[in-house]
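[1] the sequence and its predicted three-dimensional model are supplied below.
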Amino acid sequence: MKWIEWIYDKEFEIVFKNIGKDLWEDLRQEVSIILFEYDKEKLSDIVNKGKNVFRFWVVRICCNQTSVNGKLNKTYNVLIPVEDVNKFIKNTIDSGVDNSIINQLEVRINKLYWYDKEILKLYIELGSVRKVSKQTGIPHTSIFITIKNIQRCIKQSLEY
């Protein structure tokens, strides 16, 4: 399978980094899964047309994955960026709004399991899942799922 070698060479790494940004390795894995599940005859026809044709096709797959409705975009953009959370808190404080929301957030965060609380603190401090993963050695997917669950839990507790 020549295409596997192509997907993992330096040339394609640049393609994934340009399109996927911080999530380039995840993008490469998603594309690999798509290619493994793709019709073998059609894939063989595309590969036989040459590396340039194959690269164009992979770029189209990447663009579809990172588009608004793409799987990668839907999976990784459900987290609220730290900057938005900080801006919300600052605007809440600056506008003189009742501090009850902030107090509820603090109470809820203090009730979190110690691991979740520490991951959340690092996420707020460092600003990204990748940076937390790099500092802790915990896979970024685990960090992502933890942050997503924390946000869901806090949101649900504030709605009641």
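    Cool, got the structure.
[2] next one: S32 from N18, what distance?
    According to CB to CB, to the nearest Å, S32 and N18 sit 18 Å apart. Bear in mind the C-beta positions are built from the backbone N, C-alpha and C, glycine included.
[3] would you list every one of the helices in this protein?
    In the chain, the helices defined using DSSP state H lie at 2-7, 10-20, 24-37, 40-48, 51-66, 71-76, 82-94, 100-110, 114-126, 129-136, 140-159.
[4] helices or strands next to the last one in the packing?
    Applying 3 or more CB pairs under 8 Å, 6 or more residues apart in numbering; DSSP states H and E, one finds that helix 140-159 makes contact with helix 100-110, helix 114-126, helix 129-136.
[5] can you give the distance from the first one to the centre of its chain?
    Read that as helix 100-110. 26 Å (CA atoms, centre = their mean, to the nearest Å).
[6] TSV for the helices of the chain, including mean neighbour count?
    Output for the helices of the chain, formatted as TSV (neighbours: other CB atoms under 10 Å):
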stretch	mean neighbour count
helix 2-7	14
helix 10-20	15
helix 24-37	16
helix 40-48	12
helix 51-66	16
helix 71-76	16
helix 82-94	12
helix 100-110	12
helix 114-126	15
helix 129-136	17
helix 140-159	15
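[7] least reliable of these by average pLDDT, please.
    Note on the helices of the chain: helix 82-94 shows the lowest mean pLDDT, a mean of 57.
[8] D9 is nearest to which of the helices and strands packed on helix 140-159?
    Ranking the helices and strands packed on helix 140-159 by proximity to D9 (CB to CB) places helix 129-136 first, at 23.2 Å.
[9] who are the packing partners of the closest one?
    Counting by 3+ CB pairs under 8 Å, 6+ apart, helix 129-136 packs on helix 114-126, helix 140-159.
[10] what angle sits between the shortest one and helix 140-159?
    Calculated by axes from the mean of the first three to the mean of the last three CA atoms, to 10 degrees, helix 114-126 forms an angle of 100 degrees with helix 140-159.
[11] which other residues reach helix 114-126?
    82, 85-86, 109-110, 112, 129, 132, 135-136, 138, 143, 146-147, 149-150 (CB atoms under 8 Å, 6 or more residues apart in numbering).
[12] make it 10 Å
    Helix 114-126 is contacted from outside by 79, 82, 85-86, 109-113, 129, 131-136, 138, 142-144, 146-147, 149-151, 153-154, using CB atoms under 10 Å, 6 or more residues apart in numbering.
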